[in-house]
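Visitor: this is a predicted model, with the sequence first.
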Amino acid sequence: MKLTVSYTPELPQVISLANFKVSAFGGNEIRFACKGQAEAFDVNLSVKTIHFGEVQSDTNTNRLLNVVNSSDMPTTFQFITDKSNVFSFSHVEGTAKKNSSTRIIIHFTPQRTGNYYERVFCMIRGHKVLYVDLIGTCYDILTKPIPLSQRHIDSYRHKVIMGQHKKSNIIKEYDE
């Protein structure tokens, strides 16, 4: 006789174990155990940094970000960001279908000259937190700041971790 056992996990990376005993009328019995572990979602963002370049004040530009779900199950995601920010998302939450990607358009709309940076976190159900760094520079006819780059951000973060930064000395790596 064929016996079918189904496994439907509800949480990723949780081990499930079940012991069974099958008894026949003649007194014979078979004992067996089933063990299963659900894989975690294989979800990534298409890039870790989006650089919007130099944008003139009161204009805007946009870039594309993909939430890539390489899993065989759909999953939900949510970006943690302020809706009235200089960086705005076409949508901040949604569902990434199995083995597909979801497109998100991010707009950079600066009003004043300066360098802009934000790390936006992406929460995914049953997955580690992901992030994307957003960087842009705004200029006008009178003022054109030196553009900020990812290496400036990385250098500053390293100095903070090492305890080498001063509070009055925010990102001075432009000269490097």
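Guide: Happy to help now that I have it.

Visitor: tell me which other helices or strands the lowest-mean-pLDDT helix or strand in the chain touches.
Guide: Of all helical and strand segments in the chain, the minimum by mean pLDDT, DSSP states H and E falls on helix 150-161, at a mean of 85. Helix 150-161 is packed against strand 130-139, with contacts defined by 3 or more Cβ pairs under 8 Å, 6 or more residues apart in numbering; DSSP states H and E. Every C-beta, even on glycine, is put in place using the N, C-alpha and C of the backbone.

Visitor: what strands flank the strand it packs on, and is each parallel or antiparallel?
Guide: Strand 130-139 has its sheet partners listed here by DSSP bridges as strand 49-56 (parallel), strand 114-124 (antiparallel).

Visitor: make JSON lines from the ones you listed and add mean neighbour count and distance to residue 39 to it.
Guide: Putting these into JSON lines (neighbours: other Cβ atoms under 10 Å; distance: least, Cβ to Cβ, whole Å) gives the following:
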{"stretch": "strand 49-56", "mean neighbour count": "16", "distance to residue 39": "28"}
{"stretch": "strand 114-124", "mean neighbour count": "17", "distance to residue 39": "14"}
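
Visitor: compare those and give me the one nearest residue 106.
Guide: For these, proximity to residue 106 was assessed by Cβ to Cβ; strand 49-56 is nearest, at 6.3 Å.

Visitor: just how off-centre is the closest one within its chain?
Guide: For strand 49-56, the distance from its own C-alpha centre to the chain's C-alpha centre is 20 Å (Cα atoms, centre = their mean, to the nearest Å).

Visitor: how about residues contacting that strand?
Guide: When contacts are taken as Cβ atoms under 8 Å, 6 or more residues apart in numbering, the neighbours of strand 49-56 outside the stretch itself are 61, 63, 65, 106, 108, 110, 132-140, 144, 147, 149-150.

Visitor: which among these end up buried?
Guide: Applying 16 or more other Cβ atoms under 10 Å to those, the neighbour count classes 63, 65, 106, 108, 110, 132-139, 149 as buried.

Visitor: just give me the closest of those to residue 98.
Guide: Out of the buried ones among the contacts of strand 49-56, the one with the shortest distance to residue 98 is residue 65. That distance is 19.4 Å, counting by Cβ to Cβ.

Visitor: so the closest one touches residue 104, yeah?
Guide: Yes: the pair residue 65 / residue 104 is scored as a contact, 4.7 Å apart, by Cβ atoms under 8 Å.
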